[in-house]
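Peer 1: Give me the fold of what follows.
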Amino acid sequence: MKRLFLFAGYDCDGIVDDSLLWYLKALSGLGDIVFVMDNDATDVEIEKVRQIPNVLYANAVRHGEYDFGSYKRAYIWARDNKLLEKYDWVYLVNDSVLGPLFDLKPIVEDLESRGVDLTGLISYREKNICEHLQSWFVGLSQHIATAEFFNDFICSVKQEKNKSVICAKYEFQLTNRAVRRGYKFSAYLDTEKYLDETYHLMYHEPLLTLCLGCPFLKKSVAQKVLNKPFLLQHIEDENLMPILNKWAERMPPLPEKKYLYKPVLRLRIFGLQIIKIYRMTDTFGGAAELKYRVELFGFLPVGFIHRIKHAK
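Peer 2: Numbering: from 1, shown residues only. The predicted structure follows:
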């Protein structure tokens with residue numbers, strides 16, 4: 001298979017750090033790369049990317065359209081240079097994750113062997129939201145990558161007020177528009193049995209996600225598992241751990257975010273929600289770290305409970 005990776009990058013400091021280079025080098029062994037960052041960067045920084053084998057183009061200019069704006073620019077460059085028809089698969093990939101922690105090649109080959117035209121690492125289901133592939137790693141067959149509807153879709157990307165609007169207009173709709181035109185999709189990791197109305201495996205159970213075969217950690221939760229002994233079992237190359245720790249050192253402390261918690265108990269009286277309890281679980285070293293968040297009326301935090309549950 002011939003592959004083209006349209007890579008969307010972002011760094012608040014305008015740096016191309018070693019964790020990003022690690023990801024790009026892994027992709028360069030699988031195909032060609034068109035790289036666009038949504039931040040300004042010096043020629044010295046962007047030259048790091050250009051030195052990686054199979055990088056066809058690399059640019060870093062702040063545009064404010066987030067990852068889909070970078071996908072748009074990378075796509076237009078590839079389209080205008082008449083490259084899209086030369087590849088069996090075109091991937092939309094971004095650096096909102098750390099990794100790969102282990103070999104990506106068999107995963108990509110599995111995705112491409114499923115007889116579908118749209119594929120990705122993880123699909124997501126939630127109440128009132130259509131099922132869709134997570135946009136940080138999505139594969140498009142040549143049929144979709146060169147289709148008029150996809151050209152119109154990706155070229156329609158523009159600045160939006162916030163990230164939730166971007167998700168609704170672009171991440172959700174990419175899968176939806178393809179399905180409406182008769183294309184089938186498949187995800188490497190189907191998380192349906194692990195989900196409820198507000199539960200996302202990548203955020204709530206990052207170590208379980210690795211066990212199920214996903215070779216990445218979401219950056220937004222990676223700090224809370226980087227020092228867990230259990231994580232080391234999933235890292236094939238010992239050179240990666242120092243890179244991950246170096247990345248974590250320049251990141252601000254991870255805030256306590258409600259979306260990391262899974263709702264486990266609701267108490268209602270006459271239809272009014274009185275108490276809601278959330279739980280967050282980290283598994284490590286034969287033990288589970290449990291954190292409970294208690295809220296009144298579904299929004300007012302009144303307490304936290306933290307305990308370690310050791311395996312018998």
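Peer 1: What segments of the stretch 151-300 of the chain are strands?
Peer 2: For the stretch 151-300 of the chain, strands defined by DSSP state E, counting those that start in this stretch occupy the ranges 185-190, 217-218, 262-269, 272-284, 287-296, 300-310.
Peer 1: so what does the fifth one touch, helix or strand wise?
Peer 2: In this structure, strand 287-296 makes packing contacts with strand 272-284, strand 300-310, judged by 3 or more CB pairs under 8 Å, 6 or more residues apart in numbering; DSSP states H and E. The C-beta positions use only the backbone N, C-alpha and C, and glycine is treated the same way.
Peer 1: ok now do His132, which residues does it touch?
Peer 2: Residues in contact with His132 (CB atoms under 8 Å, 6 or more residues apart in numbering) are 123-124, 171-172, 174-176.
Peer 1: Let's see if you can find the most crowded of those.
Peer 2: Most neighbours among the contacts of His132, by other CB atoms under 10 Å: Leu174, with 25 neighbours.
Peer 1: contacting residues around it?
Peer 2: Leu174 makes contact with 132-133, 135, 138, 153, according to CB under 8 Å, 6+ apart.
Peer 1: Of these - the most surrounded one?
Peer 2: Counting neighbours by other CB under 10 Å, the top entry in those is Val138, with 28 neighbours.
Peer 1: Report the beta-bridge partners for that residue.
Peer 2: Beta bridges link Val138 to Leu92, Gly120 when assigned by DSSP bridges.
Peer 1: what about it, distance to Cys211?
Peer 2: 23 Å (CB to CB, to the nearest Å).
Peer 1: which among the contacts of His132 gets closest to Gln142?
Peer 2: Within the contacts of His132, proximity to Gln142 (CB to CB) peaks at Leu174, which comes in at 16.3 Å.
Peer 1: Show the pLDDT at the closest one.
Peer 2: Reading off the confidence values, Leu174 has pLDDT 95.
Peer 1: From Leu133, how far out is it?
Peer 2: From Leu174 across to Leu133, the span is 7 Å (CB to CB).
Peer 1: Switch the contacts of His132 over to JSON lines; also include distance to Val49.
Peer 2: Below are these laid out as JSON lines (distance: CB to CB, whole Å):
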{"residue": "Ser123", "distance to Val49": "30"}
{"residue": "Tyr124", "distance to Val49": "29"}
{"residue": "Glu171", "distance to Val49": "25"}
{"residue": "Phe172", "distance to Val49": "30"}
{"residue": "Leu174", "distance to Val49": "25"}
{"residue": "Thr175", "distance to Val49": "29"}
{"residue": "Asn176", "distance to Val49": "32"}
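Peer 1: So which of those are in helices?
Peer 2: Secondary structure assignment (DSSP state H) places 172, 174-176 from those within helices.
Peer 1: Name the nearest of those relative to Phe149.
Peer 2: Leu174 (10.6 Å).
Peer 1: which helices and strands sit right next to the longest helix along the chain?
Peer 2: Across the chain, the longest stretch assigned as helix under DSSP H is helix 66-80. Counting contacts by 3+ CB pairs under 8 Å, 6+ apart, helix 66-80 packs against strand 3-9, strand 32-37, strand 55-60, strand 89-94, helix 148-155, helix 163-166.
Peer 1: Check which residues of the fifth one are buried.
Peer 2: In terms of neighbour count (16 or more other CB atoms under 10 Å), helix 148-155 has its buried residues at 150, 153-154.
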